[in-house]
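Novice: missing the sequence, but the structure's below:
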């Protein structure tokens, strides 16, 4: 195993065990502990993280992904009027132990999303407004934590005018397009364990 991959593997181990939370931190700690200067890309670390999860979780991981995608489908059907999109590790197919379900929706008022969730019997465990700056301008979103078939889900409410926008992924480097409700329904019929990970190694 070359030096670069050794660092990626150790960084992935730190992330998997929860000893590090961010890729940058994990890579720096891994390089320091191995006494080398090599710095792999986030993509390389993500590949190793996926391998570690597969080695340690095996068939259970595939069953979990299938269950999480089914749960996401039920949630998205309840939220269909808000153009839901499945994003995050459950979309990617890289979900592992401790992962949650991430669904983006588009609504002018988060209260409408919360009401819809309650009507369908989903327990809302918390709502938080988050403000981040993109290209110098603030972007607001509301993060709604929901209990879902034994999993935790986070519904991220965005303004309707952001519909169709896709941010670039800091890990894989591609656009985080996710899956619409019709796309997820099709996936569950045809290839429910498919992964959505680019082959190219982005930095």
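Specialist: Yep, it's here. None of these values were measured; they are calculated from a predicted model.

Novice: helix or strand next in line after the helix or strand harbouring residue 60, which one?
Specialist: Residue 60 belongs to helix 42-78 when elements are defined using DSSP states H and E. With elements assigned by DSSP H and E, the helix or strand that comes after helix 42-78 is strand 85-87.

Novice: go through the helix holding residue 60 and flag the buried ones.
Specialist: 42-50, 52-53, 57, 61, 64-65, 68-69, 71-73, 75-76, 78 (16 or more other CB atoms under 10 Å). All C-beta spots, glycine's among them, are computed from the backbone N, C-alpha and C.

Novice: can you list phi and psi of the residue lying farthest from the centre of the chain for me?
Specialist: Note on the chain: the largest C-alpha distance from the chain mean falls to residue 35, namely 31.5 Å (CA atoms, centre = their mean). Phi and psi for residue 35, reported as degrees, to the nearest 10, are phi 70, psi 40.

Novice: show me the contacts for it.
Specialist: By CB atoms under 8 Å, 6 or more residues apart in numbering, the contact list for residue 35 is empty.

Novice: any figure for the gap between residue 183 and residue 79?
Specialist: With distances taken as CB to CB, to the nearest Å, residue 183 is found 15 Å from residue 79.

Novice: and if you look at residue 102?
Specialist: Relative to residue 79, residue 102 is positioned 13 Å away (CB to CB).

Novice: neighbour count for residue 183 and residue 79, which is higher?
Specialist: Higher neighbour count among residue 183 and residue 79: residue 79, with 21 against 14, using other CB atoms under 10 Å.

Novice: sorry, back to before: and for residue 102 and residue 79, which residues touch both?
Specialist: Common neighbours of residue 102 and residue 79 (CB under 8 Å, 6+ apart) do not exist.

Novice: how is the chain divided into domains?
Specialist: 3-40, 61-190 (automatic domain parsing).

Novice: can I get those domains in a markdown table including distance to residue 198?
Specialist: Shown next, in a markdown table, are the domains of the chain (distance: least, CB to CB, whole Å):
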| stretch | distance to residue 198 |
| --- | --- |
| domain 3-40 | 16 |
| domain 61-190 | 5 |
